[in-house]
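Peer 1: Just the structure for this:
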Amino acid sequence: MRKRDQWLAAPLGAGLAAALLTGCGSEDGKAGGTGESVVMGMSDDVLATDPASGYDPGSWLLFNNVFQSLMSFPKGSTTPQAEAAKSCKFENESSTTYKCELRDGLKFSNGHDLTSEDVAYSFRRTIKINDKKGPVDALLSTIKDIKTPDKSTVVFYLNRSDATFPQKIASGAGSIVDSEEYPADRLRTDGKAIGSGVYKLDSFDKKKASFSVNTSYQGPAGTVNNRGVTMKFFHGDQDELKSAVQNGDVDLAYRGLAMKDIADLDAASGKYHLKVVEGTSAEVQHLVFNTKDPLVGKVGVRKAIAYLVDRGTLVRDVYKRTAEPLYSIVPSGITGHKTPFFDTYGDQPQRDKAAAALKSAGVNDKAKLTLWATPTRYGPGTVPAFQEIARQLNKSGLFEADVKSVPLEEYENGVDSGKYAVYVKGWVPDYPDPDNFTAPFFGDGNVLKNNYESKDITGRILATAAEGNRPATVPDFAKVQTAVAQDLPILPLWQGKQYAVANERISGLQWTLDASTVFRFWEISKAAKG
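Peer 2: So this is what the prediction gives:
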């Protein structure tokens, strides 16, 4: 997601607690916004308009613009600020009681008042529905109880210390819905969304979603730099998305352009009056191993693969340098990032070490395996990348690997059932903290579903949860990263960069492409034709 100017977001610092106590002012969204409306194209699908279900990049893009959370990430920052709240803070040193006071005069886009009861209802509803495609297990599992002493106060009681709770509720998982519009025990499936965010969702279908400015918005967003946004869906069709931005059918293309297309459009930017906007990202992709599989369940086999995968070639030839090699489960730019996979397995193929690892696992013939992928969910480069990895493994003479790609629903069912031995997992962070690159991957109910267990790792992650000074968690997260490199339940592959390709009349994209992964419609402006 990005531009040729790189905007680096600083890692979380010790000032987190102070920042959470500071309201950022109640600046009204400008009536109707300013400037022209913007049309954007995206190949990702929006899988849900109901925050109790959606847990994918497309859905959260919608949530971040239509709904408010108590907290939000301001542009260029990884420290959350008050959003629908005017202040939030932990009430005790153990980080188990979290209290928020709401801004005055909050309203949903339908005119209904937004009170603490709506906040509590939203969280209780998401937890009660507990949709398998929703955010409960990863982000809301520490909530034990919620109380609303009055219409402007909400208090969360947590079942364990969780210093990252403010960041979790600053994500799409914290979206506040109107209790009069959303059923308590089931998902809303009519494609509509009622929130209190900067925009209103006017319409949604398979082809596009249309948004207009919510003139009753109360929050820190400030000036809305357009009069509305139309989001066109290209459903994984990279060629059609490229043509649309070239021909001016969309003002900008975000998420889903093939890496080669980004490079081609950059080279021909003058011809088409386009610009490529680059920003930072903490999006990652991993090779996942089912540790109960008869073959890759052997750590020696996993180590052999780790010795042979050439990330540099993968990034150069498949991703055209729109990503960077990743040698840890915690990516660069996130507090505590280390490089244990580089330190242990190097950055070049080591066939002799791979052969020795296989021998130690009792594998004396070529190891036969299939790499499983799905074509669009984790980016258009996923299948070509797996084909390149299979080529690298086969080139060693130690493996006989192939690649199979299946539609998303079939793929997810295969992962859930333990059918696959080796498969892909992409991860766009919910919040920029090492906890979000570790806690969802290990322990009960983890998103990898690869049968890996480590009490040492889960114990260390839990130990970091009470620490409000996040840099103080670096030693524990360093040990977690080292342990993962030794046990190899997953093999980190790359860390992405964010790109958008836009008409030269578009401005403000640098404020939508940062490590928070929040795509802020209101920052985008479109100049009138000269």
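Peer 1: do you know how far the residue positioned nearest the centre of the chain is from residue 501?
Peer 2: The chain has residue 428 as the residue nearest its centroid, 2.3 Å off, counting by Cα atoms, centre = their mean. The gap separating residue 428 from residue 501 is 19 Å, by Cβ to Cβ, to the nearest Å. Where C-beta positions appear, they are placed from N, C-alpha and C, glycine not excepted.
Peer 1: try residue 461
Peer 2: From residue 461 across to residue 501, the span is 38 Å (Cβ to Cβ).
Peer 1: These two: which is more packed in?
Peer 2: Between residue 461 and residue 501, counted using other Cβ atoms under 10 Å, the more crowded position is residue 501 (28 against 22).
Peer 1: which SS state does the more buried one fall under?
Peer 2: Following DSSP: H, G, I helix; E, B strand; the rest coil, the label given to residue 501 is strand.
Peer 1: Tell me the bridge partners for it.
Peer 2: Beta-bridge pairing of residue 501 under DSSP bridges involves residue 253, residue 276.
Peer 1: oh, and call the first residue 20 from now on, that's how I've got it
Peer 2: Okay, using 20 as the starting number, the last item reads as residue 520.
Peer 1: How about the contacts made by it?
Peer 2: Residue 520 makes contacts with 264, 271-272, 276, 281, 284-285, 293-296, as judged by Cβ atoms under 8 Å, 6 or more residues apart in numbering.
Peer 1: Dump those into CSV; add distance to residue 221 as well.
Peer 2: Output for those, formatted as CSV (distance: Cβ to Cβ, whole Å):
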residue, distance to residue 221
264, 23
271, 20
272, 22
276, 26
281, 30
284, 30
285, 33
293, 28
294, 29
295, 30
296, 26
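Peer 1: Can you say which of these are buried?
Peer 2: Using 16 or more other Cβ atoms under 10 Å as the burial test, these include 264, 271-272, 276, 281, 284-285, 293-296 as buried.
Peer 1: re the thing from before, wouldn't the residue nearest to the centre of the chain be in contact with residue 302 here?
Peer 2: Yes. Contact criterion Cβ atoms under 8 Å: residue 447 and residue 302 qualify, at 4.8 Å.
Peer 1: mind checking the end-to-end distance for stretch 421-438?
Peer 2: End-to-end span of stretch 421-438 (Cα to Cα, to the nearest Å): 16 Å.
Peer 1: actually stretch 120-134, sorry about that
Peer 2: End-to-end distance for stretch 120-134, by Cα to Cα: 10 Å.
Peer 1: Would you mark the buried spots in that stretch?
Peer 2: Neighbour counts over stretch 120-134 (16+ other Cβ under 10 Å) mark 120-122, 125, 127-128, 131, 133-134 as buried.
Peer 1: Take those and keep only those in strands.
Peer 2: Judged by DSSP state E, the buried residues of stretch 120-134 include 120-121 as members of strands.
Peer 1: Now the two most distant members of the buried residues of stretch 120-134.
Peer 2: By the measure Cβ to Cβ, 120 and 128 form the most distant pair in the buried residues of stretch 120-134, at 22.4 Å.
Peer 1: which residues in the stretch 20-169 of the chain form strands?
Peer 2: For the stretch 20-169 of the chain, strands defined by DSSP state E, counting those that start in this stretch occupy the ranges 46-47, 57-61, 90-91, 100-101, 104-109, 116-121, 162-169.
Peer 1: counting contacts, what elements does the third one pack onto?
Peer 2: This means strand 90-91. Applying 3 or more Cβ pairs under 8 Å, 6 or more residues apart in numbering; DSSP states H and E, one finds that strand 90-91 contacts strand 100-101, helix 184-188.
Peer 1: hmm, try it at 7 Å
Peer 2: The contact analysis (3 or more Cβ pairs under 7 Å, 6 or more residues apart in numbering; DSSP states H and E) places strand 90-91 against strand 100-101.
Peer 1: helices or strands next to the strand it packs on in the packing?
Peer 2: Partner elements for strand 100-101 (3+ Cβ pairs under 7 Å, 6+ apart): strand 90-91.
Peer 1: Adjacent strands (with direction) for the strand it packs on?
Peer 2: Using DSSP bridges, the strands paired with strand 90-91 are strand 100-101 (antiparallel).
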